[in-house]
Structures are given as structure tokens and as C-alpha cells.
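> Quick one, what's the 3D model for this:
(chains A and B)
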Amino acid sequence: MTTDKDFEQQVRMTLEESVTRLDGATRSRLTQARYRALEQLDASGAQAGGWWRLTGRRSVLAPVGAMAAVVALTTVLWVGRPGAGLPGEAGTVAAGAPEDMELLADGDALAAMSEEDPEFYEWALSQDSAGDAPQGS
Amino acid sequence: MNAFVTLGVGYITMTAAGGDAVVTETLSKKRALEQFLAGVERKAFKVALLALRNEADALDAVQDAMLALVKSYSDRDGSEWKPLFYRILDNKVLDVQRRRTVRGRIMAYLPAGRRDEEYDESSDLLAQAPDHAPLPVRRLEMDEAIGALENALRELPGRQRQAFMLRSLEGLDVAQTATAMGCSEGSVKTHYFRALQTLRAQLGEFWS
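Residues are numbered from 1 along each chain as shown, chains lettered A, B, ... in the order given. Below you'll find the model as predicted:
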């Protein structure tokens, strides 16, 4: 008659043997499952590394803040310099109308427009002469 | 301007060093987890297979448990992984069993023709192909012993089987088994003792 200890030992040995006898296909699927699970770690590690590179720890945030402040100040000073008018101000050309600039500079385009839309062409000419009139007087 | 450049270079050097530290840490963690999972996966499959009696379901349960462990508990100390892993696996096994119950109820309402669409292993010629590898006597005896033990284990109540497998196959101590099963240490001892008695009664003669 075996004791409990002997019996447990025998059971353990048998179970371990059954594990070693798992077929190749099952072992392969388990390996694939393991790699799939570990891929998550690669993804999260890359994100963590990337985030660290962007922000760093608190002690590294100071240079980032300083750099951002310098860039912001430079932008404000550059835009606010004399002669750099804001879009829409008197004496400046609206930044949102590059097509108008091209149209005015291109005489052929106006001629082409006179054929397509003669009424607008006449109006445009009258506006042009009206604008010149005060200067001439 | 020079100060500005120095500041920028200093920042880049610091972030590169910090990034390397993170990469090294991630690699060593990955190595440790890989080692752990490689050591536990086959036994875990056996535990799941005895509970679910279906290889595909057991593989799914083990894979889900691996994914969950890596996702949620990879930062824990390595000594905690095993009981946590088996706790997760137990939950996955229960999920599969619940899904089966629901599916069984639905299938009961379906006409017989629809039920036949399920995979039938007996129609898989590859699965039926005989294994021509020579079987020495020792191997045959072991096959019989494994078969008898697995049959007896399948007949055990779920909690008793779980306690027995975790203690006996996986070598968890009582406290770790209690964590894995989500019960008290006293319950583990009771489940294990009853399982041992039942198995001895069934297999004692066979193995004496």
C-alpha cells in the first residue's frame, strides 16, 4: 500500500510526463500565443520610449519650456515688427487673396475675362479709373 | 544663441540616455516574461484542457490569459505572476464554460440541420491517421497511467481539480493556490485533501 506522499509523487510524475508529451502542433500554437502576448509589450514599450523622448522627466521639461517660450517670443516680435501689417489692415494686401494679385498682374487674364464676363470687366475698369482719379486731381 | 544650442544639445543627450534606459528596461522585462510564459504555458494548457475538454478552447483560454497578464500585470514582481496568471486562466475557463452554456441553449432551439454544420473531428482524415511510431512497453504503460489519471481528474469537481492541479502539477504552495483560486487557504487545503482521497480511491489499485 502506497502512502499519500508516494501517491502524490507518482501523480506529479505522471502529470509532468503528460505535459512533455504534448504534440508539436499544440506546442507550436502555445509558442505563437506567447509571442502574440509579448508583442503587446513591444508596442507599449515603444510608446513609452517615444513619450519619454518627447517629454522626459520633470527635470528635462525645463529646457523644453524655455525653448517653447523663446520660439513664441520670436514669433511675436517678428510679426509685430514695423511694416509687417496684419492681414486686412489698410495699406496691406489681404493674405487670403493671392488669386486677386495674380489676376491684377496678368493683363492677358483681364482680356480673357472681358470675353467671358464683359460686364464685370467694365466694372473693374471703372473701379480702376475711379481709384486713379483723386490722385490725378 | 550659443546658450540656446547648448541647452538643446543637453536636452537631446538626456532624452537619448533616458530612452535607452526605458528600452533596456522593456527588454529585460520582456525577457523575464517570455521565460515565465514559456515555463508555464504547457502546464497551463493541461489545466485548461482538463477543465474544458477541448483543445481549441483550452488554447484560446491560455492565449487570452497570456495576453491579459502581459497587458495588465507585466509591471508586477515576477514572483506574483504565477498565481495571477492562474487566476486569470481560471476566469477565462469560466468564460468559455459560460459561453458554452449560452450556446448550448441557443443550439437547442435550432433545427438539427444547423447543428450538423459544426466541426466534426471524425470527418478529419488527418486527425484519424494512425501513428506508426513504435511504442515501447514503458511508453504504453505510461500512456495508460496518463489516461487513467486524466479520466479521474476530469471526474473531480472543478474546484477540487483546480486545487489539485495547481498544487501538484504547478507546484504552487497553499497561499499561492489560494490567490490563484480566489479563496481562503483553508478551502484550498480542503479541496486538495478531498481530491487526493478521491484519486487514491480510484487509482490506488491501478498504481499500487
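> C-alpha only now, for contacts and for neighbours.
Fine.
> where does the chain dip in pLDDT?
No chain specified, so I'll use chain A. A:1-2, A:44-66, A:76, A:79-118, A:120-121, A:124-125, A:127-137 (pLDDT under 70).
> My question was about chain B, not that one.
For chain B (pLDDT under 70), the answer is B:1-23, B:109-135, B:205-206, B:208.
> at 50 instead, please
Scanning chain B for pLDDT under 50 picks out B:1, B:4-14, B:116.
> check contacts around the closest residue to A:Leu22 other than its chain neighbours.
Spatial nearest neighbour of A:Leu22, chain neighbours left out: B:Arg42 (7.8 Å); criterion: C-alpha to C-alpha, 6 or more residues apart in numbering or on different chains. With contact taken as C-alpha atoms under 8 Å, 6 or more residues apart in numbering or on different chains, B:Arg42 is in contact with A:19, A:22, A:27, A:30.
> residue nearest the centroid of chain B?
B:Ala44 (2.9 Å; C-alpha atoms, centre = their mean).
> Can you tell me how far the residue nearest to A:Leu22 is from B:Leu169?
Between B:Arg42 and B:Leu169 the computed distance is 11 Å (C-alpha to C-alpha, to the nearest Å).
> Kindly report the same for B:Arg105.
Distance, B:Arg105 to B:Leu169, by C-alpha to C-alpha: 34 Å.
> Tell me which of these two has more neighbours.
Neighbour count, other C-alpha atoms under 10 Å in any protein chain shown: between B:Arg105 and B:Leu169, B:Leu169 has more, with 20 against 11.
> Tell me if I'm right that that one and A:Glu16 touch.
Yes. If you go by C-alpha atoms under 8 Å, B:Leu169 and A:Glu16 touch, sitting 6.8 Å apart.
> Tell me the buried residues in stretch B:86-102?
B:86-93, B:96 (16 or more other C-alpha atoms under 10 Å in any protein chain shown).
> swap in stretch B:170-186?
Neighbour-count burial for stretch B:170-186 [16+ other C-alpha under 10 Å]: B:170, B:172, B:174-181, B:185.
> Export those as CSV, with columns for secondary structure and distance to chain A.
Below are the buried residues of stretch B:170-186 laid out as CSV (DSSP: H, G, I helix; E, B strand; the rest coil; distance: C-alpha to the nearest C-alpha, whole Å):
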residue, secondary structure, distance to chain A
B:Glu170, coil, 9
B:Leu172, coil, 13
B:Val174, helix, 15
B:Ala175, helix, 19
B:Gln176, helix, 18
B:Thr177, helix, 16
B:Ala178, helix, 19
B:Thr179, helix, 21
B:Ala180, helix, 19
B:Met181, helix, 20
B:Glu185, helix, 19
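> Enumerate every residue touching B:Trp207.
With C-alpha under 8 Å, 6+ apart, B:Trp207 has these contacts: B:Ala145.
> Can you name the residue of chain B nearest chain A?
Of all residues in chain B, B:Leu67 sits closest to chain A, at 4.5 Å by C-alpha to the nearest C-alpha.
> number of nearby residues for that residue?
22.
> Can you give me the distance of A:Ala25 to B:Ala61?
Using C-alpha to C-alpha, we find A:Ala25 at a distance of 17 Å from B:Ala61.
> Tell me which of those two has more neighbours.
In this view A:Ala25 and B:Ala61 are compared by other C-alpha under 10 Å, and B:Ala61 has more residues nearby, 26 against 9.
> Which residue comes closest to B:Val96 once chain neighbours are left out?
B:Asp57 (7.2 Å).
> B:Lys71 contacts A:Asp42, correct?
No. Using C-alpha under 8 Å, B:Lys71 is not in contact with A:Asp42; the gap is 10.9 Å.
> about what we covered before: and the contacts of B:Arg42, which two are the farthest apart?
The largest separation in the contacts of B:Arg42, counting by C-alpha to C-alpha, is between A:Val19 and A:Leu30 at 12.5 Å.
> higher neighbour count, these two?
Higher neighbour count among A:Val19 and A:Leu30: A:Leu30, with 22 against 18, using other C-alpha under 10 Å.
> Contacts only, for the more buried one.
A:Leu30 neighbours (C-alpha under 8 Å, 6+ apart): B:41-42, B:59, B:62-63.
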